[in-house]
Each structure stands twice: as C-alpha cells, then as structure tokens.
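Student: Generate coordinates for the sequence data below:
(one chain, ligands or ions: 1)
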Amino acid sequence: MGRDPKIWEDPLTFKPERFLENGEAHGFDMTGTREIKMMPFGAGRRMCPGYGLSLLHLEYYVANLVWKFEWKCVEGEEVDLSEKQQFITMVMKTPFKANMYSRKK
Ligand code: HEM
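Tutor: Numbering: from 1, shown residues only. Take a look at the predicted model:
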C-alpha cells in the first residue's frame, strides 16, 4: 500500500516534504479512521497503543540529532537510499556512513 502509485505520487522516492503543508499527504490520518494510505502502526481495534508515545519520542530524537549536530557524509561515500531485504525486514543496501560534528562552538 505504501508503494502503490495509485495511492502515492512517486511512491519509491524519498520525499518527506509530501507530509508538509500543501504536500499530497498533509493532514494524513495514520490511525486509519478516515482513510488507509499506509499503516506503520496497524489500524483498527488492535492498532499499536504505543503510537502516540513513539511519534513523540521519534520527533524529539530526530529533531535533537539535527539541532545539536552537523551531519556530513564520510569522504568518498555517497548517500544511497536503495534498499535490500534482510530476513523479514528491509535495510539499506549501502549502509549510511556519516560524521557528526557538534554545533556547540
Ligand atoms: C516506532 C515504534 C512502533 C511501531 C512502528 C509499532 C508498530 C506496531 C504494529 C504494526 C502493531 C500491530 C498492530 C496490529 O496488529 O494491527 C503494534 C502492536 C502493539 N504495539 Fe507497537 N509499535 C511501536 C511502538 C510501540 C510502543 C512504544 C509500545 C508500548 C509502549 C507498543 C506497544 C504495542 C502493543 C501492546 C501492541 C499490541 C496491540 C494489540 O494487539 O492489541 N508499540 N505495534
């Protein structure tokens, strides 16, 4: 469903801006109450009860990593977002290697 071009424009491209205001997925309902476009936490009565807590923590965690550190690709490496299947999960085909620099001067 998350990869269906009938549901998502250009589904395999990494476009987080689609969730911003004026993006195709702005205001999208993750709980599946109004619509189901992807369901990372399941949907319906058995949906993950930890989803609010998880989103809160993920936003806090990612925001702080970007706020506190400058991220640079290791020299000679490139960011490759392609994936491969490993057992039952999808992982990065080429693991992302980055150097983090504290923004504190
Ligand atoms: C990014 C983090 C998480 C993801 C992606 C996730 C995803 C899921 C999914 C897909 C299900 C199955 C829903 C279904 O059967 O329809 C589930 C169930 C469940 N999750 Fe999570 N979850 C996350 C974090 C958490 C956390 C932090 C907690 C607890 C604090 C939690 C507690 C549970 C429980 C208890 C169930 C079983 C619900 C039931 O069967 O009634 N999850 N989760």
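
Student: This structure: helices as residue ranges?
Tutor: Taking DSSP state H as the criterion, the chain contains helices spanning 51-68.

Student: Spatially central residue for the protein, please.
Tutor: Of all residues in the chain, the one closest to the mean position by C-alpha atoms, centre = their mean is Pro16, 7.3 Å from it.

Student: From His26, how far off is it?
Tutor: When C-beta to C-beta, to the nearest Å is the yardstick, Pro16 and His26 sit 12 Å from each other. All C-beta spots, glycine's among them, are computed from the backbone N, C-alpha and C.

Student: do Leu20 as well
Tutor: Counting by C-beta to C-beta, the gap from Leu20 to His26 is 6 Å.

Student: so what's the nearest residue to Ala43 once chain neighbours are set aside up against?
Tutor: The shortest distance from Ala43 to any residue other than its chain neighbours is 3.1 Å, reached at Gly32 (C-beta to C-beta, 6 or more residues apart in numbering). Counting by C-beta atoms under 8 Å, 6 or more residues apart in numbering, Gly32 makes contact with Met39, Ala43, Gly44, Met47.

Student: residues contacting the last one?
Tutor: Spelled out, it's Met47. For Met47, the contacting residues are Thr31, Gly32, Met39, Phe41, taking C-beta under 8 Å, 6+ apart as the criterion.
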